[in-house]
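Novice: Below are the sequence and a predicted model; questions follow.
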Protein chains: 2
Amino acid sequence: MFELLKVDPNSKARLGRLTTAHGVIDTPVFMPVGTQGSVKALDPRELREMRTQIILGNTYHLSIRPGIEIIQEAGGLHRFIGWPHPILTDSGGFQVFSLAKIRKIKAHGVEFRSHLDGSLLFLGPKEAMATQRALGSDIAMAFDDCPPHSSAPREMRAAVERTIRWAKECRDQPLAPGQLVFGIVQGGASATLREECARAVVAMEFDGYAIGGVSVGEPEPEIFKAIELTEPFLPADLPRYAMGLGTPAQLVELVARGMDLFDCVLPTRVARNGTAFTNRGTVSVKAGFNKADFRSLEEGCECFACRHFTRAYLRHLLNVNEILGLRMVSVHNSHRYQKLMTDMRKHLAAGTFEPFRREFVANYVPSQRVLSARDAER
Amino acid sequence: MFELLKVDPNSKARLGRLTTAHGVIDTPVFMPVGTQGSVKALDPRELREMRTQIILGNTYHLSIRPGIEIIQEAGGLHRFIGWPHPILTDSGGFQVFSLAKIRKIKAHGVEFRSHLDGSLLFLGPKEAMATQRALGSDIAMAFDDCPPHSSAPREMRAAVERTIRWAKECRDQPLAPGQLVFGIVQGGASATLREECARAVVAMEFDGYAIGGVSVGEPEPEIFKAIELTEPFLPADLPRYAMGLGTPAQLVELVARGMDLFDCVLPTRVARNGTAFTNRGTVSVKAGFNKADFRSLEEGCECFACRHFTRAYLRHLLNVNEILGLRMVSVHNSHRYQKLMTDMRKHLAAGTFEPFRREFVANYVPSQRVLSARDAER
């Protein structure tokens, strides 16, 4: 299922290959987020042209609209959305804990009110796995308790205990044919809780492991710390998924820390505000200095937007609210993320990951605006 | 420049070929509207895949944003928007008379306030032609006075006199290299005014003629009447353009009345409200009956949307406001219009236009909602 092809001698970075029911995935890999059954503003052809290998679908959102019955009747999520390639579904846990307004945590899940119409719903390990089984995703995620960064130590411990108990309940559920299931490690910034949670979840022998409870409002050093506290307890021969991360420079640093899978709303979300990613940071496409700049968004970029349009034109489109503007910045940003992963895999294969990492991170100027965009609703 | 290849023996329908600086156009032809330099929600590849031959650009809107200087600096409109194929630009007259709030009609044009920021602007024959020359369109339109359907006879006559005087002023302006220029006939529903205007404008020897002052709020029979009152005075060997029209059934009837070129915002505008065109009328994609309908939008349709997605999925996308939903309905509708034109050209070539027309119009059920959508701002 997972082949570890090469490990970087200077870091924990890994080159791998993950085989799923709908295709083989080269890792490290970035998964664009298709929350409601569509990667925002993009179509499947555009996603494939930028070499997207796997996308993410969202159990919570899809359960509410269109409802699981419709997707099941369509023959599963792949067929419903016209994407015959790998799909990972999250369990809905993150959304229940971040989106749903009124909730009551119970022994076997969470009672909450739909953020859409206030109807009373229940989601727990059993329901989350049944839903993901019905969706027929290639990789299902365990249902966990993801507390905010600001939670008190007692709450953090309770969340870890719940996450472990629920992981066991998830492990006992049946899966769709060929479906893999990943366990999730919580524990915030606590070394003890991270180790405890990792050991307990790893003992359940999942197909892969995710580090959750990162990218929940904490500063960047704490993100890296949580990853570093967890990684040593994850089996080396299985895939590791750092949930909800990150900026391009963060992805490079997380690969260097032994992570294999990533997802993040950033590339498409900031595109809709007119922000473009480049190898060196972000630029505001609407900015006045692009008014008569007839170069492509990022010189040397081979994405559809950069091959066809100029900064001046994209700026105009965004200024007059033409959909093509946000479409094309979404194409560019998503392409940039895929290209970064391709570059990392090439350097891992060639044994040049360390100098690549040093140069990339040194040249990348992060933007606070972009970091805070990630923390909004997802 | 224009070759009349065949005339239907049973109607006035014509098969033709129009050669422009950026390519040859088979007529009858439908021109998608790219008001602000983008056919709403579509990219140039999608437009070409559905066999779009020529698009329309809007002098008024492009003058206001991004401004003509930027487009000139980019090397003209084709290069600015990444569309190396034919472009027709309107003169801005229609928008000045319909959009701009405060206006004063003067001898050589109209003084008005920008609908965007209220700044005082002036547009007349000289300015409209200079702008279209700078845009470098393949076909420029004369600057005319387009009064509303409800105008009093005295106003209609004044508008016709102004249209004739301004047409002469336009004819005297220099053109971009290879640029064609079409005259416009006004006159509302009056046989006298239509004939008078047509004779005067035709005497100026334009490269083609447009019938304006249709699709300005009048019922369908009056649209056809205005066309029928004007057409006999237009030279048979030059292209005729029916401005701002229409529904699929109207296009068939207008081709039968000797019209060659068409433009209309309908296919993309109603798409954004979730309305799809079919060969038999329109359907609401969001309607409950599509909830679990896994057929394509229109059976047998070969557009990108119909080849990849189901009604149930498109309905879901529109319901959750995913951009891909309105993109795909825009693709389908625009494809449907291009396919209709291809069908008409085939039947004209094969000598079977008359039975095609009868069957198409008999099966097409018009929708009032769609007709009224056309009359909104454009």
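Specialist: Arrived safely.
Novice: Look up how far A:Gly109 lies from A:Met156.
Specialist: 19 Å (CB to CB, to the nearest Å). C-beta: built from backbone N, CA, C; applies to glycine.
Novice: neighbour count winner among these two?
Specialist: Between A:Met156 and A:Gly109, counted using other CB atoms under 10 Å in any protein chain shown, the more crowded position is A:Gly109 (24 against 21).
Novice: Now that one: phi and psi?
Specialist: Phi and psi for A:Gly109, reported as degrees, to the nearest 10, are phi 150, psi -160.
Novice: Pull the contacting residues for it.
Specialist: Neighbouring residues of A:Gly109 by CB atoms under 8 Å, 6 or more residues apart in numbering or on different chains: A:122-128, A:143, A:166.
Novice: From chain B, how far off is it?
Specialist: 24 Å (CB to the nearest CB, to the nearest Å).
Novice: nearest residue to that residue other than its sequence neighbours?
Specialist: A:Gly124 (1.9 Å; CB to CB, 6 or more residues apart in numbering or on different chains).
Novice: Neighbours of the one you found, how many?
Specialist: With other CB under 10 Å as criterion, A:Gly124 counts 23.
Novice: If the nearest residue to A:Thr35 once chain neighbours are set aside is in a bridge, with which residues?
Specialist: Excluding its sequence neighbours, the residue lying closest to A:Thr35 (CB to CB, 6+ apart) is A:Asn58, at 4.6 Å. Beta-bridge partners recorded for A:Asn58 (DSSP bridges): A:Asp90.
Novice: A:Gln95 is in contact with A:Asn58, correct?
Specialist: Yes. Using CB atoms under 8 Å, A:Asn58 is in contact with A:Gln95, at 6.9 Å.
Novice: what does the stretch 51-200 of chain A put close to chain B?
Specialist: Contact residues (CB under 8 Å from any CB of the partner chain) of the stretch 51-200 of chain A with chain B: A:61, A:65-66, A:70, A:73-74, A:80-82.
Novice: In CSV, list these along with pLDDT, distance to B:Asp117 and neighbour count.
Specialist: Formatted as CSV, these follow (pLDDT from 0 to 100; distance: CB to CB, whole Å; neighbours: other CB atoms under 10 Å in any protein chain shown):
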residue, pLDDT, distance to B:Asp117, neighbour count
A:His61, 95, 39, 21
A:Arg65, 96, 39, 14
A:Pro66, 97, 42, 24
A:Ile70, 98, 46, 18
A:Glu73, 98, 51, 16
A:Ala74, 98, 48, 20
A:Phe80, 98, 45, 25
A:Ile81, 98, 42, 27
A:Gly82, 98, 43, 20
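Novice: Next step: the residues you listed restricted to strands.
Specialist: Among those, no member is found in strands (DSSP state E).
Novice: need the contact list for the residue nearest to the spatial centre of chain A.
Specialist: Centrality entry for chain A: nearest residue to the mean C-alpha point is A:Asp263, 1.5 Å, by CA atoms, centre = their mean. A:Asp263 makes contacts with A:30-33, A:56, A:88, A:241, A:243-245, as judged by CB under 8 Å, 6+ apart.
Novice: at 10 Å what do you get?
Specialist: A:29-34, A:54-56, A:88, A:90, A:210, A:215, A:241-246, A:378 (CB atoms under 10 Å, 6 or more residues apart in numbering or on different chains).
Novice: is it true that it lies in a helix?
Specialist: No. Counting by DSSP: H, G, I helix; E, B strand; the rest coil, A:Asp263 is not part of a helix but strand.
Novice: beta partners for it?
Specialist: Beta bridges link A:Asp263 to A:Met31, judged by DSSP bridges.
Novice: In the stretch 151-300 of chain A, mark out all the strands, start to finish.
Specialist: Remark: strands assigned in the stretch 151-300 of chain A by DSSP state E, counting those that start in this stretch are A:180-185, A:208-211, A:240-242, A:261-264, A:275-278, A:281-284.
Novice: Quick check: which of the ones you listed is nearest to B:Glu322?
Specialist: strand A:261-264 (17.8 Å; CB to CB).
Novice: quick check, distance from that closest one to the centre of its chain.
Specialist: Here strand A:261-264 is found 3 Å from its chain centre; the criterion is CA atoms, centre = their mean, to the nearest Å.
Novice: In helices, which of the residues of the stretch 51-200 of chain A next to chain B fall?
Specialist: When DSSP state H is applied, those are split such that A:61, A:70, A:73-74, A:80-81 fall in helices.
Novice: contacting residues around A:Leu261?
Specialist: A:16, A:18, A:25, A:27-31, A:54, A:56, A:88, A:139, A:182, A:208, A:210, A:239-243.
Novice: Please apply the same query to A:Arg240.
Specialist: A:2, A:12, A:14, A:16, A:27-28, A:182, A:185, A:208-211, A:227, A:230-231, A:234, A:254, A:257-261.
Novice: Wasn't A:Phe143 part of a strand?
Specialist: No. Assessed with three-state DSSP, A:Phe143 is coil; it does not lie in a strand.
Novice: wait, doesn't it sit right on A:Ile105?
Specialist: No. Assessed by CB atoms under 10 Å, A:Phe143 is found out of contact with A:Ile105, at 12.0 Å.
Novice: and for these two, which residues touch both?
Specialist: A:96, A:124, A:162.
Novice: from the residues you listed, which is closest to B:Phe304?
Specialist: A:Val96 (36.1 Å).
Novice: which one is the closest one nearest to, not counting chain neighbours?
Specialist: A:Val96 sits nearest to A:Val110 (CB to CB, 6+ apart), 5.0 Å away.
Novice: Spit out the contact partners of A:Leu4.
Specialist: So A:Leu4 contacts A:14-17, A:27, A:236-239, A:260 (CB under 10 Å, 6+ apart).
Novice: wait, is it part of a strand?
Specialist: Yes. Per three-state DSSP, A:Leu4 lies within a strand segment.
Novice: Mind listing the residues bridging to it?
Specialist: Note on A:Leu4: beta-bridge partners by DSSP bridges are A:Gly16.
Novice: Roughly how far does it sit from A:Ser11?
Specialist: For A:Leu4, the distance to A:Ser11 - CB to CB - is 15 Å.
Novice: Nearest to chain B, out of the shared contacts of A:Phe143 and A:Ile105: which one, please.
Specialist: In terms of CB to the nearest CB, no member of the shared contacts of A:Phe143 and A:Ile105 lies closer to chain B than A:Val96, at 18.3 Å.
Novice: mind listing what's buried in whichever strand or helix holds that closest one?
Specialist: Following DSSP states H and E, one finds A:Val96 within helix A:93-98. Using 16 or more other CB atoms under 10 Å in any protein chain shown as the test for burial, helix A:93-98 gives A:93-97.
Novice: Where does the prediction get shaky in the stretch 51-200 of chain A?
Specialist: For the stretch 51-200 of chain A, applying pLDDT under 70 flags the ranges A:100, A:102.
Novice: can we see that at 90?
Specialist: For the stretch 51-200 of chain A, residues meeting the criterion pLDDT under 90 lie at A:95-103, A:113-118, A:147-150.
Novice: Can you name the residue of it nearest chain B?
Specialist: Nearest to chain B in the stretch 51-200 of chain A, going by CB to the nearest CB, is A:Pro66, at a distance of 4.2 Å.
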